[in-house]
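*Asks:* Got a predicted structure plus its sequence, pasted below:
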Amino acid sequence: MSLFQEKLNSLYQRNNKITPLIEGLEGVIPQRTLDNYYVKLKTVVKEDSINQHFNYETISARKQEIGIEALFDPLPNQEPANKTPITRLLIVGGAGIGKSTLMQYIAYKWSQTKLWNDKFEYVYRVSLKTLLNRDWDRSYEHRQKEDDLLKCLVHYHLVAELPTQERKDIHLEDLVWLDKKDKTLLLLDGYDEVAHERKGVYKRLFEDIFNHKNIILTSRPNAVDKEMATKFERKIETVGLDHDGINQYLTWYFKDDQEKGQALEIYLEKNSSIKDICHIPVNIAMVCFIWSKGESGEVLPQVSNLSDLYSEVVNHLGFRYYSKLGSDHELVSKWRGNKISLDELRVLQHIAYKAMTGGGIKVPEGKRLETLIIKGMTKKGDTEDISIQSSINYLSNELKNNMLTIDKVYKYGLLKSEGIFNPKRLSRKSLLREICNFTTLVLSTSVFKSSSLLSISLRN
């Protein structure tokens, strides 16, 4: 094993924590590791006509279960032994179903020599959403980007996962690349985040990507057109948690309070509408969080759909946020009925409304807005662009707090930073000076699309 392979293995093995599903609740919701990861996958055997059976989040097709270790293997009684080997996989699934975690898991198991080590000597994991941050390539010379932009992107992701003092230990030229294409696997996560981009850097990058032999690409189903789908020999759907997976999650979450976990299990068996949404990992995390907060029986009966569920979580985040800032008396004054009333949340509601109506973003006719980038600040006084500051400006006459700032809205807990800027580490002065990009947190990029914040806005 080369020195670089050792570094690569070490990097993936170190990254064994599953990213918290709800930021701001890390100390409340137990953090899972990849060692207790659970996933169900199905391979598409025969897909139905897309025009007749199209669905936004799922595939209408005849499918059969398949294990991770067999993703590249021929299917029994389906694919002749002499058929071209499977080298490119398209993995699709709805928002929050666990596609990114699956890619993290694959890299982790490979680094432990427990998955596909006979097939691949090098595995590189990349989040395509990084491309939306214009600053990602800042540290690369023009010559390096011209020579191999994809290689720069892969290197960026490798060093981004390392502590700052260790980033100099992996150089761009260390990457084993073109001379080992047959033994290199690219794990490309989040095609739906960039599917609307077809020109310039994106076109060039995807040309480079498909010059590689071994690829796994993840996406939401509706983002993959026929032209893209034909580049893959096999389509896989990740379907989230089945009955056993849900019970396993409940046992793990309530390991210190088994009685409460068993009570939730019984409740879900009697309330199929709530259990049905628990196959999505982020949803079951929300349900467990709400159930764990005292008299759960008073809350969950009010939850009958995803919007209700997100609304309750937004409410709890607001309560936690403000309880850190003010007294109990002040907190009570912020409640209106069962909903918290804060200027920070009003700004987020305004952003949600603009995003759902397409305000400030040019959306091609017939296309849905799949990626929402919320900037921290644009032009001074701007009220049109989708940014935190523009919404503060727009609502300035209605907000109670005329000192509301970008960092206060960020700290509410519904947004997280993407790219090199992290608002948690920036001073207020720096935050106002830099252009910071954010994406929605709850259900990855789905809280705005789900209308949860919008529904709260209308109720209030």
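*Replies:* Here it is on my side, so go on.
*Asks:* For the stretch 101-250 of the chain, which segments count as helices?
*Replies:* 142-147, 149-160, 200-209, 226-229, 243-253 (DSSP state H, counting those that start in this stretch).
*Asks:* now the strands: where do they sit in the stretch 151-300 of the chain?
*Replies:* Per DSSP state E, counting those that start in this stretch, the stretch 151-300 of the chain carries strands over the ranges 184-189, 214-219, 234-240.
*Asks:* Can you add mean pLDDT and distance to residue 247 and give those strands back as TSV?
*Replies:* Using the backbone N, CA and C atoms, a C-beta is placed for each residue, glycine as well. Shown next, in TSV, are the strands of the stretch 151-300 of the chain (pLDDT from 0 to 100; distance: least, Cβ to Cβ, whole Å):
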stretch	mean pLDDT	distance to residue 247
strand 184-189	96	28
strand 214-219	96	26
strand 234-240	90	14
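*Asks:* And the next helix or strand past the strand or helix carrying residue 4?
*Replies:* Taking DSSP states H and E as the definition, residue 4 sits inside helix 3-14. Where DSSP H and E defines the elements, the next helix or strand beyond helix 3-14 is strand 40-47.
*Asks:* who's in contact with that following strand?
*Replies:* Contact with strand 40-47 is made by 59-68, 71, 75, 78, 91, 234-242, 245, as judged by Cβ atoms under 8 Å, 6 or more residues apart in numbering.
*Asks:* Give the residue spans of the stretch 301-450 of the chain that score low on pLDDT.
*Replies:* For the stretch 301-450 of the chain, residues meeting the criterion pLDDT under 70 lie at 301, 317-341, 355-386, 401, 410-450.
*Asks:* what's the neighbour count on residue 302?
*Replies:* Using other Cβ atoms under 10 Å, residue 302 has 12 other residues around it.
*Asks:* my read: it touches residue 311, true?
*Replies:* No. If you go by Cβ atoms under 8 Å, residue 302 and residue 311 don't touch, sitting 9.1 Å apart.
*Asks:* Dump stretch 199-219 to PDB, keeping only the CA atoms.
*Replies:* What follows is stretch 199-219, C-alpha atoms only, in PDB (Å, rounded to 0.1, in the frame of the first residue of the first chain):
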ATOM      1  CA  LYS A 199     -22.700  25.300 -19.700                       C
ATOM      2  CA  GLY A 200     -19.200  26.500 -19.000                       C
ATOM      3  CA  VAL A 201     -17.400  24.900 -16.100                       C
ATOM      4  CA  TYR A 202     -20.200  22.400 -15.500                       C
ATOM      5  CA  LYS A 203     -20.200  21.100 -19.100                       C
ATOM      6  CA  ARG A 204     -16.400  20.800 -19.000                       C
ATOM      7  CA  LEU A 205     -16.500  19.000 -15.600                       C
ATOM      8  CA  PHE A 206     -19.000  16.400 -16.600                       C
ATOM      9  CA  GLU A 207     -17.100  15.700 -19.800                       C
ATOM     10  CA  ASP A 208     -14.100  15.000 -17.600                       C
ATOM     11  CA  ILE A 209     -16.300  12.800 -15.300                       C
ATOM     12  CA  PHE A 210     -17.500  10.600 -18.000                       C
ATOM     13  CA  ASN A 211     -14.000  10.000 -19.300                       C
ATOM     14  CA  HIS A 212     -13.700   7.900 -16.200                       C
ATOM     15  CA  LYS A 213     -14.700   4.300 -16.100                       C
ATOM     16  CA  ASN A 214     -16.100   3.700 -12.600                       C
ATOM     17  CA  ILE A 215     -18.700   6.100 -11.300                       C
ATOM     18  CA  ILE A 216     -21.500   6.200  -8.700                       C
ATOM     19  CA  LEU A 217     -23.700   9.200  -9.000                       C
ATOM     20  CA  THR A 218     -26.500  10.100  -6.600                       C
ATOM     21  CA  SER A 219     -29.500  12.300  -7.400                       C
END
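*Asks:* in it, what's buried?
*Replies:* 205, 206, 209, 212, 214, 215, 216, 217, 218, 219 (16 or more other Cβ atoms under 10 Å).
*Asks:* Which single one of the residues you listed is nearest to residue 118?
*Replies:* residue 214 (12.9 Å; Cβ to Cβ).
*Asks:* quick one: that closest one and residue 88, what's the gap?
*Replies:* If you measure residue 214 against residue 88 using Cβ to Cβ, to the nearest Å, the figure is 7 Å.
*Asks:* Make a ChimeraX selection of the buried ones in the contacts of strand 40-47.
*Replies:* In ChimeraX, this line selects whichever of those come out buried by 16+ other Cβ under 10 Å:
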select :59,61,63,66,71,91,234,235,236,237,238,239,240,241,245
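*Asks:* Okay, now the unreliable bits of the stretch 51-200 of the chain?
*Replies:* 51-61, 77-83, 134.
*Asks:* Now do the contacts for residue 292.
*Replies:* Counted by Cβ under 8 Å, 6+ apart, residue 292 has contacts 28, 253, 254, 257, 260.
*Asks:* Kindly reformat the residues you listed as CSV containing neighbour count, pLDDT and distance to residue 147.
*Replies:* Converted to CSV, the contacts of residue 292 look like this (neighbours: other Cβ atoms under 10 Å; pLDDT from 0 to 100; distance: Cβ to Cβ, whole Å):
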residue, neighbour count, pLDDT, distance to residue 147
28, 13, 73, 47
253, 22, 90, 48
254, 20, 91, 53
257, 11, 89, 56
260, 16, 89, 57
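*Asks:* I'd like these as TSV, with distance to residue 190 appended.
*Replies:* Converted to TSV, the contacts of residue 292 look like this (distance: Cβ to Cβ, whole Å):
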residue	distance to residue 190
28	27
253	27
254	31
257	35
260	35
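*Asks:* just these now: which is nearest residue 347?
*Replies:* residue 28 (24.3 Å).
*Asks:* Domain-wise, how is the protein divided?
*Replies:* Partitioning the chain according to automatic domain parsing yields domains covering residues 3-240, 243-304, 335-459.
*Asks:* now for these, which one comes closest to residue 316?
*Replies:* That would be domain 243-304 among the domains of the chain, by Cβ to Cβ, at 6.8 Å.
*Asks:* if we can go back for a sec, most tightly packed of the helices of the stretch 101-250 of the chain?
*Replies:* helix 149-160 (a mean of 19; mean count of other Cβ atoms under 10 Å).
*Asks:* And the contacts of it?
*Replies:* Here helix 149-160 makes contact (Cβ under 8 Å, 6+ apart) with 8, 11, 124-127, 130-131, 136-137, 139-140, 144-145, 167, 170, 172, 175, 177, 186, 201, 204-205, 208-209.
*Asks:* relative to strand 184-189, how tilted is it?
*Replies:* Interaxial angle, helix 149-160 versus strand 184-189 (axes from the mean of the first three to the mean of the last three Cα atoms, to 10 degrees): 70 degrees.
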